[in-house]
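1. got a predicted structure plus its sequence, pasted below:
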Amino acid sequence: MRAIAIAMMTTLFFVATSASAAIKVSASQARNMDDVQSLGVIYINHNFATEEEATRALDDRADTKGARFYSPILMHEPGSNGNLHASAELYR
């Protein structure tokens, strides 16, 4: 299992260095990446109707901040009709 994770991280690293777009990774993948540095967390103050909208907005913001990877954190607003607030941990 660890070998698969290492292979995935290696692949992600080469894809990230050859492309300019930030790559979405899970929280567990982010914890297993030893060669990356956290750039901090971004917050988008907007209510998103779908997870796809939130992910696109996070992807765009991560790109503008120069991140190679980002790990999304989506939160449902209590008492709302399923609106999402988006944030993400950025990595270089």
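-> That came in fine, so what should we check first?
2. show me the helices in this structure, by range?
-> 2-18, 27-32, 51-64 (DSSP state H).
3. can you give me the buried ones in the second one?
-> Of the residues in helix 27-32, those buried under the neighbour-count criterion (16 or more other C-beta atoms under 10 Å) are 29-30. C-beta coordinates here come from the backbone N, C-alpha and C atoms, glycine included.
4. what count of nearby residues applies to the residue nearest to residue 58 when sequence neighbours are not counted?
-> Nearest residue to residue 58 in three dimensions, chain neighbours excluded: residue 88, at 4.6 Å (C-beta to C-beta, 6 or more residues apart in numbering). Residue crowding around residue 88 was assessed by other C-beta atoms under 10 Å; the count is 29.
5. got it, and residue 59?
-> 17.
6. so who does it touch?
-> 21-22, 24, 70 (C-beta atoms under 8 Å, 6 or more residues apart in numbering).
7. likewise for residue 40?
-> 89-90.
8. ok, so what distance separates it from residue 65?
-> Residue 40 is 9 Å from residue 65, where distance means C-beta to C-beta, to the nearest Å.
9. shared neighbours of the two, anything?
-> With C-beta under 8 Å, 6+ apart, residue 40 and residue 65 have common neighbours residue 90.
10. with just CA atoms, put the lengthiest strand in the chain into PDB.
-> Taking DSSP state E as the criterion, the chain has its longest strand at strand 38-48. Extracted C-alpha coordinates of strand 38-48, given in PDB (Å, rounded to 0.1, in the frame of the first residue of the first chain):
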ATOM      1  CA  SER A  38       2.800  24.200   3.100                       C
ATOM      2  CA  LEU A  39       2.000  27.700   1.800                       C
ATOM      3  CA  GLY A  40      -0.900  28.100   4.200                       C
ATOM      4  CA  VAL A  41      -4.700  28.000   3.800                       C
ATOM      5  CA  ILE A  42      -6.900  29.900   1.400                       C
ATOM      6  CA  TYR A  43     -10.500  30.800   2.200                       C
ATOM      7  CA  ILE A  44     -13.100  31.700  -0.400                       C
ATOM      8  CA  ASN A  45     -16.000  33.600   1.100                       C
ATOM      9  CA  HIS A  46     -18.700  32.500  -1.200                       C
ATOM     10  CA  ASN A  47     -21.600  30.100  -0.900                       C
ATOM     11  CA  PHE A  48     -21.300  27.300  -3.500                       C
END
